[in-house]
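**Q** A predicted structure for the sequence below; I have some questions about it.
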2 protein chains.
Amino acid sequence: MALPAVPLAGLAGVSAARCLICRNCGTEAPLRAQHACHSCFGPLEIGYDSDLLARVTREQIEAGPKSMWRYAPLLPVGQDAAERVTLDPGYTPLVRASALADAVGVRAPLWVKDDSANPTHSFKDRVVSVALTAARAFGFTRFACASTGNLANSVAAHAARAGVPSMVFIPADLEAGKVLTTAVYGGDVVAVDGSYDDANRLCSELTETDEFEQTAFVNVNLRPFYAEGSKTLGYEVAEQLGWRLPAQVVIPMASGELLTKVDKAFAELVELGLVGAPPEGWRVFGAQSSGCSPIAAAMHAGVDEITPVRPTGIAKSLNIGDPAAGLYALESVRRTGGWMDHVTDDDIREGIRLLARTTGIFAETAGGVTVAVLRKLVTTGKLDPDAETVVFNTGEGLKTLDAIDGSVGPTYRIRPSLRAAKEAQLIG
Amino acid sequence: MALPAVPLAGLAGVSAARCLICRNCGTEAPLRAQHACHSCFGPLEIGYDSDLLARVTREQIEAGPKSMWRYAPLLPVGQDAAERVTLDPGYTPLVRASALADAVGVRAPLWVKDDSANPTHSFKDRVVSVALTAARAFGFTRFACASTGNLANSVAAHAARAGVPSMVFIPADLEAGKVLTTAVYGGDVVAVDGSYDDANRLCSELTETDEFEQTAFVNVNLRPFYAEGSKTLGYEVAEQLGWRLPAQVVIPMASGELLTKVDKAFAELVELGLVGAPPEGWRVFGAQSSGCSPIAAAMHAGVDEITPVRPTGIAKSLNIGDPAAGLYALESVRRTGGWMDHVTDDDIREGIRLLARTTGIFAETAGGVTVAVLRKLVTTGKLDPDAETVVFNTGEGLKTLDAIDGSVGPTYRIRPSLRAAKEAQLIG
């Protein structure tokens, strides 16, 4: 592990974050750029000073900015606005979706948490803002990532805003929308002939080289910080519901990390007394595409092991065949009494159209996955149609136009005359 | 003019709007679905009760939602949140653009008002929210528009959210991103073999037919309401600057309406005492593409007449060859001591890249036009580089990917191995 020359200055003193802590063996390490436990090679997360967290109040949060940074007291970085590397994402709409509820057979309130409203139009802006703010504090001089597309967009845009060089690694077969909108920010874009998993492995290897010693890979050596950003999605849902938790959430899974962090956010809010504990808890549901469903497959098989797959299908932003947080996602879903399922490419397209028609929200394929899985979970009886439910849309339909091209289009084509309008039967 | 069967109920009583008023002859008419003066056929705008407007305070606005509806007291509709037809657009970021300032030679503070952050990623969500809220109050049962793309996206999405049928009319040669993302919302999309101006004329004719009597064309029979929505962009800039006006604004022009309404918003804020009058006023600059510059051409020729053109070029969202508010835009720019200019397609592409590289904001072609015109205005000495300036980005780059395709792309393509990284000289 190449450590940066400049040590972390000031993070421990100003935030409630205390250390890195191994999710497997509990070994602690100082707050620094490190993603695996030196004892057991397990993944690390942020450990907090629970006394400091306990002082955080609803009023303090509500007085903050209308962005994810209102939750800075619950994050390891970002307490000082001037030190943030950020596009100020978050506080995205929580949209009541009654027509969608009717369409899929949910009778209780149904909500869509629409994270396509973030600056680069995916939830990745949240994790990148946390990771890069940490990266700057650690003294890194270049920002990087391996990405299925959305993360690359976000890292490149954050780097441009901050005036820092960037280099992102993407599978060469990504949607054009995700390649162009990353390249336009002027950083380096490395197209890798292989899958996301291949690109990710290459990045892990590059972190060990001299040339990348000063490079922050947000989802490799900054991963513990990066992952914390996802908690803000959970916090926001609770606050936007009036400081209470929904009974059920349906969350798309790529690495599985987002799902575990929303679950963690809910648990933290209860522990800190910021929301009451719902009498029956909350149930977490995971959504994958059939082209890449290693976590859901383990759930269905009832096993504790994830068998990596080679991803296929249109839901490219979810195409992680070897999901880093898969086991933790399984744990969250099993512990809360939820379920996981996966859907076909046709289901995904129909999910995109259904969400758009009923809510005015145009989601990327990951959102189509989540809506289609919601419908399937109702049909199969796994999700309680009489319990309040939140589904997460994590990205923007404009980035995956290829996926719906041919399945929607103009309903009429006419010349600009009343006669043509008549021939098309628009008028009598 | 087909008037709706259901009269406007309650708008006059709850808002400060008092009547429709002709921009040419001053003739007044009741608040209703009407866009041309019955006396002189001039365009109508909203007339307000100045005593009611004078009661509006900064505190009242600041206590409102973080959306354009915080300015509801200054709008003709939307005072009652439950009655709005809206995706809650507005309160979009005002981003300090120091690196862009350096690049174009502006020495004073430079800001980008980024309206790509709206729900359907253009400023049109503002005008549509006002127009459709009025339309529902008037009893219309179908929502419609003629559009260069962004407006169609917004009308279709608003209609989907509200559960109301929609029919939008677009030029058949629009960017794929704007066609698909309109069609996906499930309303009718009519592709017209012709220009925006042709589609707009057809819509004007259709409003007179029985079949469209209950159809609200947001930019035809609802135009006076529609246009008011653009004022909120001006209000927000002033509030986000700490309740003061910038010395200069650079605004893209299609119909020219947005420019006139930002100017109007500034004048209203001064008149109402919500901001102080800047000692030297504010100067308004208009931006067009060379493929469609009828307003800038009149400015350069020093004439009071707009000669319609047949639009060409990549800035399709600005391609209105016969701009309805062109003369009013000329008046605003001349009165305030500003200027207009136009730029080539290559300039526009470079403007998009420059904005992205320096701010992390990925604009559609209209944003590229505005940035390129900013640069030109500095070069030609028309814009004061030592005066604070705000440029308006009105749309999202993801909708016009075609425009930059081929001009940006991956910087490297490699196999996923350290050896390949070495061959590409990423490492030594």
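**A** Structure received. Numbers count the residues shown, from 1 in each chain, chains lettered A, B, ... in the order given.

**Q** separation between A:E205 and chain B?
**A** Separation of A:E205 from chain B (Cβ to the nearest Cβ, to the nearest Å): 5 Å. Backbone N, C-alpha and C define where each C-beta goes, glycine included.

**Q** so that residue, which of the three states?
**A** Using DSSP: H, G, I helix; E, B strand; the rest coil, the structure places A:E205 in helix.

**Q** burial check on it, number of neighbours?
**A** 16 (other Cβ atoms under 10 Å in any protein chain shown).

**Q** can you check A:A216 too?
**A** A count of nearby residues for A:A216, using other Cβ under 10 Å, gives 30.

**Q** I'd say it and A:F138 touch.
**A** Yes: proximity of A:A216 to A:F138 meets the contact threshold set by Cβ atoms under 8 Å, at 7.1 Å.

**Q** which neighbours do the two have in common?
**A** By Cβ atoms under 8 Å, 6 or more residues apart in numbering or on different chains, A:A216 and A:F138 have these common neighbours: A:A33.

**Q** which SS class is the residue of the stretch 1-150 of chain A found nearest chain B?
**A** Residue nearest to chain B within the stretch 1-150 of chain A: A:K66 (4.7 Å; Cβ to the nearest Cβ). Taken by three-state DSSP, the conformation at A:K66 corresponds to coil.

**Q** show me the contacts for it.
**A** With contacts defined as Cβ under 8 Å, 6+ apart, A:K66 is in contact with A:Y91, B:K66, B:Y91.

**Q** can you give me the strands for the stretch 251-400 of chain A?
**A** Assigned by DSSP state E, counting those that start in this stretch, the stretch 251-400 of chain A shows strands spanning A:283-289, A:340-343, A:389-393.

**Q** the ones you listed: which one's closest to chain B?
**A** Of all the strands of the stretch 251-400 of chain A, strand A:389-393 comes closest under Cβ to the nearest Cβ, at 12.2 Å.

**Q** what's in contact with the closest one?
**A** Strand A:389-393 is contacted by residues A:94, A:97, A:106, A:108-116, A:123, A:233, A:237, A:246-252, A:258, A:262, A:355, A:361, A:363, A:366-367, A:370-371, A:374, A:383 when judged by Cβ under 8 Å, 6+ apart.

**Q** make a ChimeraX selection of the buried ones in those.
**A** Per 16 or more other Cβ atoms under 10 Å in any protein chain shown, the buried members of these correspond to this ChimeraX selection:
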select /A:94,97,106,109,110,111,112,113,114,115,116,123,233,237,246,247,248,249,250,251,252,258,262,355,361,363,366,367,370,371,374,383
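
**Q** check the contacts of strand A:389-393 one by one and keep those near chain B.
**A** The residues of these that also fall near chain B, by Cβ under 8 Å from any Cβ of the partner chain, are A:I361.

**Q** the closest residue to A:Y196 other than its chain neighbours: what's it in contact with?
**A** Closest residue to A:Y196 apart from its sequence neighbours, by Cβ to Cβ, 6 or more residues apart in numbering or on different chains: A:T148 at 4.9 Å. The contact partners of A:T148, by Cβ under 8 Å, 6+ apart, come to A:I170, A:P171, A:L174, A:Y196, A:A254, A:K316, A:S317, A:L318, A:N319, A:I320.

**Q** can you list the residues of the stretch 101-250 of chain A near chain B?
**A** For the stretch 101-250 of chain A, the contact set with chain B under Cβ under 8 Å from any Cβ comprises A:117, A:119-121, A:156-161, A:163, A:167, A:170, A:172, A:176-177, A:179-181, A:183-186, A:188-194, A:198-199, A:201-202, A:205-206, A:209-212.

**Q** in strands, which of those appear?
**A** Of these, the ones assigned to strands by DSSP state E are A:M167, A:I170, A:D188, A:V189, A:V190, A:A191, A:V192.

**Q** any idea how far the closest residue to the last one other than its chain neighbours lies from A:L206?
**A** This points to A:V192. With Cβ to Cβ, 6+ apart as the criterion, A:V192 has its nearest non-adjacent residue at 4.3 Å, and that residue is A:A199. Noted for A:A199: a distance of 10 Å to A:L206, by Cβ to Cβ, to the nearest Å.

**Q** counting neighbours, go ahead and name the busier of these two.
**A** Applying other Cβ under 10 Å to A:A199 and A:L206 shows that A:A199 carries more neighbours, namely 26 against 23.

**Q** does the more buried one touch A:P171 like I think?
**A** Yes: counting by Cβ under 8 Å, A:P171 is a contact partner of A:A199 at 6.0 Å.

**Q** what is in contact with those two at once?
**A** Common neighbours of A:A199 and A:P171 (Cβ under 8 Å, 6+ apart) are A:V192.

**Q** what sits against A:R96?
**A** Residues near A:R96 by Cβ under 8 Å, 6+ apart: A:P109, A:L110, A:W111.

**Q** now the residue nearest to A:Y196: which helix or strand?
**A** Counting by DSSP states H and E, there is no helix or strand that carries A:T148.

**Q** that one and B:P294, how far apart?
**A** Computed as Cβ to Cβ, the A:T148 to B:P294 distance reads 44 Å.

**Q** look at the closest residue to A:T394 other than its chain neighbours and report its pLDDT.
**A** Spatial nearest neighbour of A:T394, excluding adjacent residues (Cβ to Cβ, 6+ apart): A:F123 at 4.4 Å. Per-residue confidence (pLDDT) for A:F123: 97.

**Q** for A:F123, give its distance to A:P76.
**A** Look at A:F123 and A:P76: by Cβ to Cβ, they are 18 Å apart.

**Q** still on that earlier bit, quick one: which of the contacts of A:T148 is nearest to chain B?
**A** For those, the minimum distance to chain B (Cβ to the nearest Cβ) is 7.7 Å, reached by A:I170.

**Q** before we move on, the earlier item: quick one: which of the residues of the stretch 101-250 of chain A next to chain B sit in helices?
**A** Residues of those located in helices (DSSP state H): A:156-161, A:176-177, A:179-181, A:183, A:198-199, A:201-202, A:205-206.

**Q** out of these, which end up buried?
**A** Looks like those have A:156-161, A:177, A:179-181, A:183, A:198-199, A:201-202, A:205-206 buried, using 16+ other Cβ under 10 Å.

**Q** A helix includes A:G90, no?
**A** No: applying three-state DSSP, one finds A:G90 to be coil, outside a helix.

**Q** tell me how many other residues crowd the nearest residue to it once chain neighbours are set aside.
**A** In this structure, A:G90 finds its nearest non-sequential neighbour in A:M68, 2.8 Å apart by Cβ to Cβ, 6+ apart. As a burial measure, A:M68 scores 29 neighbours (other Cβ under 10 Å).

**Q** same question for A:K264.
**A** 18.

**Q** mind listing what it touches?
**A** A:K231, A:G234.

**Q** the lowest-mean-pLDDT helix or strand in chain A: what's the following helix or strand?
**A** Lowest by mean pLDDT, DSSP states H and E among the helices and strands of chain A is helix A:11-14, with a mean of 62. Next along the chain after helix A:11-14, taking DSSP H and E as the criterion, comes strand A:17-22.
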